[in-house]
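Novice: let me see the structure of the following:
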Amino acid sequence: MGGHPYWYTVPYQQDIYTALHELRQQEFQAGRYNPVTPFPAFPITASSPAPGARHRDIDDAMEASDADGTRSILDISSISAEPDYLTAAPLSDDALTSYFGTTQPSHAIVESNMTFLEDVKRGQAVYIILYEKGVPAELLFAGYSFD
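Specialist: A predicted model of the protein is given here:
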């Protein structure tokens, strides 16, 4: 099997780690992770299934998912300046310009061109600050599952 892409948008906040932590908790509580939901459907919307958590905590869920991983943001536990396993790193200014023609892409621009995901390695994630009228509005977290 191959890795599976996932992506989420959340309201912008300056503390990227806190945004990641809150998103992980939200998705854990919703049960949108393997093995509860073996293949969550993306993008996540208000009408996405939310069967609820079936594990004691995120660590327990990750252990239950084994080598497949959770196929969700639960696999990403930290923020890093550079890409690494189990982390989310910012997409570089060069990459932003290459993919979107700007270092301040909007939600619509990124949504219309998700090809950047092809360069994300399994078990890793990136984050992108999404802008509205030149002001940070959202954070996008996107990555690939281990399997």
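
Novice: state the next helix or strand along the chain beyond the top helix by length along the chain.
Specialist: When the chain is parsed with DSSP state H, its longest helix is helix 16-30. Sequence order places helix 58-65 as the next helix or strand after helix 16-30, per DSSP states H and E.

Novice: quick one, that next one and helix 16-30 angle?
Specialist: 60 degrees (axes from the mean of the first three to the mean of the last three C-alpha atoms, to 10 degrees).

Novice: the next helix or strand after helix 58-65 packs against which elements?
Specialist: Downstream of helix 58-65, the next assigned helix or strand under DSSP H and E is strand 78-79. Strand 78-79 sits against helix 16-30, strand 87-90, with contacts defined as 3 or more C-beta pairs under 8 Å, 6 or more residues apart in numbering; DSSP states H and E. All C-beta spots, glycine's among them, are computed from the backbone N, C-alpha and C.

Novice: could the ones you listed go into TSV alongside mean pLDDT?
Specialist: Shown next, in TSV, are the helices and strands packed on strand 78-79 (pLDDT from 0 to 100):
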stretch	mean pLDDT
helix 16-30	98
strand 87-90	98
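
Novice: quick check: which of those is buried the most?
Specialist: The highest average neighbour count among those, using mean count of other C-beta atoms under 10 Å, belongs to strand 87-90 at a mean of 21.

Novice: what helices or strands is that one leaning on?
Specialist: strand 78-79, strand 125-132.

Novice: got CSV for those strands, with mean pLDDT, mean neighbour count and distance to His21 too?
Specialist: Shown next, in CSV, are the helices and strands packed on strand 87-90 (pLDDT from 0 to 100; neighbours: other C-beta atoms under 10 Å; distance: least, C-beta to C-beta, whole Å):
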stretch, mean pLDDT, mean neighbour count, distance to His21
strand 78-79, 98, 16, 10
strand 125-132, 98, 21, 13
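
Novice: next, the buried residues of the strand ranked longest in the chain.
Specialist: Across the chain, the longest stretch assigned as strand under DSSP state E is strand 135-144. Across strand 135-144, burial judged by 16 or more other C-beta atoms under 10 Å covers 138-144.

Novice: related to what we said a few turns ago, which other helices and strands contact the longest helix of the chain?
Specialist: strand 5-11, helix 58-65, strand 78-79, strand 135-144.

Novice: partners of the shortest one, with directions?
Specialist: Put plainly, it is strand 78-79. Here strand 78-79 is paired, per DSSP bridges, with strand 87-90 (parallel).
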